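>>> When you get a sec, could you give me coordinates for this:
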Amino acid sequence: MLQNKDPINVIITGVGGQGNLFASQILGQMLLQKGYLITIGETLGLSQRGGSVMSHVRASKRETLPPLIPEGLCDLVLALEPIEGLRILGSYGHPDVLTITNTRPIMPMDVLAGQAEYPELEVVLEKMNELSRRVWTVDATDLALKMGDPILANVIMLGALGGLKILPYDVRTFETAIREFFPDDRLTTNLEAFNQGRTSVKAI
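Have a look, this model is predicted:
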């Protein structure tokens with residue numbers, strides 16, 4: 001869907017501790033293999049566990065781009081946490097933006113302290129649908145927990161994106177990319193997580 005667009009602007013968003021920056025590095029490595037010039041913006045916000053985090057991944061075959069996507073020009077939001085995805089759509093989205101979101105909320109401190117309320121997931125998804133051309137969901141955290149490690153949710157989300165063929169990469173591209181980061185004994189688990197995402201993503 002975005003394979004013929006140049007540049008491609010992606011924001012991966014979540015909270016600290018979800019492996020947001022790692023997901024952006026893997027995505028950048030995969031697109032690099034496909035001939036794109038890649039710029040990854042610095043993680044913004046509070047990167048400690050529980051704080052809002054986002055990474056900008058910019059890909060072009062024509063030029064090296066500045067690291068941060070201008071507001072209103074994001075093509076794809078990959079949300080590791082639903083409300084963080086909605087926050088990004090409000091600032092960086094446009095009518096044709098695509099959104100893929102994890103369905104498991106992570107409650108911020110003000111909610112845990114009783115100072116605010118987290119909206120129902122259905123309300124968040126409805127608003128995402130209003131702000132996006134298309135929205136897909138993945139029960140990434142639940143799948144990762146079944147695999148024994150919640151951090152695998154970020155790889156499951158990349159698998160969902162790969163399964164939708166929105167960007168030009170597949171499982172072979174992913175396997176080549178993760179060899180840059182993991183020893184051989186971690187490859188099988190990460191490939192399984194990637195494939196879980198490919199087969200579990202749902203349109204809303």
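>>> Show the subsequent helix or strand relative to the worst-scoring helix or strand of the chain on mean pLDDT.
Counting by mean pLDDT, DSSP states H and E, the chain has its least confident helix or strand at strand 44-45, which shows a mean of 60. Under the assignment DSSP states H and E, the closest C-terminal helix or strand after strand 44-45 is strand 52-60.
>>> What pairs with that following strand, parallel or antiparallel?
Looking at strand 52-60 with DSSP bridges, its partner strands are strand 8-15 (antiparallel), strand 37-40 (antiparallel), strand 44-45 (antiparallel).
>>> Only alpha carbons, please: show it as PDB.
Once non-C-alpha atoms are left out, strand 52-60 reads as follows in PDB (Å, rounded to 0.1, in the frame of the first residue of the first chain):
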ATOM      1  CA  SER A  52       5.400   7.800  26.400                       C
ATOM      2  CA  VAL A  53       7.800   7.000  23.600                       C
ATOM      3  CA  MET A  54       7.800   7.300  19.900                       C
ATOM      4  CA  SER A  55      10.300   6.700  17.100                       C
ATOM      5  CA  HIS A  56      10.300   8.200  13.600                       C
ATOM      6  CA  VAL A  57      11.400   5.900  10.700                       C
ATOM      7  CA  ARG A  58      11.800   7.700   7.400                       C
ATOM      8  CA  ALA A  59      12.600   5.800   4.200                       C
ATOM      9  CA  SER A  60      13.400   7.200   0.700                       C
END
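>>> average pLDDT for that strand?
Average pLDDT, strand 52-60: 94.
>>> and that strand, how far from the chain's centre?
Chain-centre distance of strand 52-60: 9 Å, with C-alpha atoms, centre = their mean, to the nearest Å.
>>> Got the confidence number for the residue nearest to the spatial centre of the chain?
With distances taken as C-alpha atoms, centre = their mean, the residue of the chain nearest its centroid is residue 78 (2.8 Å). What the model reports for residue 78 is a pLDDT of 98.
>>> If we ignore the residues flanking it in sequence, what's nearest it?
The shortest distance from residue 78 to any non-neighbouring residue, by C-beta to C-beta, 6 or more residues apart in numbering, is to residue 12 (4.7 Å). (C-beta placed from N, C-alpha, C; glycine too.)
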